[in-house]
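**Student:** Please find the sequence and the predicted model below.
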Amino acid sequence: MASQSQGIQQLLQAEKRAAEKVAEARKRKNRRLKQAKEEAQEEIEQYRLQREKEFKAKEAAALGSHGSCTTEVENETQVKMSAIQGNFQTNREEVLNNLLKFVYDIKPEIHVNYRING
């Protein structure tokens, strides 16, 4: 009988040690998964920063060339605007006189398509 209870005690202890080993293995697995997840997040963040840096470099290169075009267009616009203003000032009186002449000198006529019903 003593050997049976001693055998049962050994089985219980072995079961307890096995449960502890399984629990420890689960903890190690969870730690490894957490560590792998953190490493993956870090790699993702580094990749994102690298891509963002490349994008900003390309954007700066594209906008840099675009900036000089903008300045050139603004200069051309200013030249054209001053030419238009000059033409306005020189032709202003003549245009006003022509408009007033057309408004004041009305010659009533019957339109060619008008039919007199009769």
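**Tutor:** Looks like it arrived, so ask away.

**Student:** ranges for the helices of this structure?
**Tutor:** 2-104 (DSSP state H).

**Student:** quick one: low-confidence ranges for it?
**Tutor:** Applying pLDDT under 70 to the chain picks out residues 1-2, 64-67, 118.

**Student:** go again using 80 as the cut-off
**Tutor:** The chain contains residues with pLDDT under 80 at 1-4, 61-70, 116-118.

**Student:** Residues in contact with stretch 68-80: which ones?
**Tutor:** Around stretch 68-80, nothing counts as a contact under Cβ atoms under 8 Å, 6 or more residues apart in numbering. All C-beta spots, glycine's among them, are computed from the backbone N, C-alpha and C.

**Student:** Now do the buried residues in it.
**Tutor:** Neighbour counts over stretch 68-80 (16 or more other Cβ atoms under 10 Å) mark no residue as buried.

**Student:** cool, stretch 77-91 as well?
**Tutor:** For stretch 77-91, a neighbour-count test (16+ other Cβ under 10 Å) marks nothing as buried.

**Student:** next one: that stretch to chain centre, how far?
**Tutor:** 39 Å (Cα atoms, centre = their mean, to the nearest Å).

**Student:** what do you get for stretch 46-59?
**Tutor:** That offset, for stretch 46-59, works out to 14 Å (Cα atoms, centre = their mean).

**Student:** and if you look at stretch 77-96?
**Tutor:** That offset, for stretch 77-96, works out to 42 Å (Cα atoms, centre = their mean).

**Student:** Alpha carbons of that stretch, in PDB - could you do that?
**Tutor:** In PDB, the C-alpha atoms belonging to stretch 77-96 read as follows (Å, rounded to 0.1, in the frame of the first residue of the first chain):
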ATOM      1  CA  THR A  77       2.000  88.200 -66.100                       C
ATOM      2  CA  GLN A  78       3.400  91.500 -64.700                       C
ATOM      3  CA  VAL A  79       4.800  92.400 -68.100                       C
ATOM      4  CA  LYS A  80       1.500  91.600 -69.900                       C
ATOM      5  CA  MET A  81      -0.500  93.500 -67.300                       C
ATOM      6  CA  SER A  82       1.600  96.600 -67.700                       C
ATOM      7  CA  ALA A  83       1.200  96.400 -71.500                       C
ATOM      8  CA  ILE A  84      -2.600  96.100 -71.100                       C
ATOM      9  CA  GLN A  85      -2.700  99.000 -68.700                       C
ATOM     10  CA  GLY A  86      -0.700 101.100 -71.200                       C
ATOM     11  CA  ASN A  87      -3.000 100.200 -74.000                       C
ATOM     12  CA  PHE A  88      -6.000 101.100 -71.800                       C
ATOM     13  CA  GLN A  89      -4.600 104.500 -71.000                       C
ATOM     14  CA  THR A  90      -3.800 105.400 -74.600                       C
ATOM     15  CA  ASN A  91      -7.100 104.100 -76.100                       C
ATOM     16  CA  ARG A  92      -9.500 105.000 -73.300                       C
ATOM     17  CA  GLU A  93     -10.700 108.400 -74.700                       C
ATOM     18  CA  GLU A  94     -11.200 107.000 -78.200                       C
ATOM     19  CA  VAL A  95     -13.200 104.000 -77.000                       C
ATOM     20  CA  LEU A  96     -15.400 106.200 -74.800                       C
END
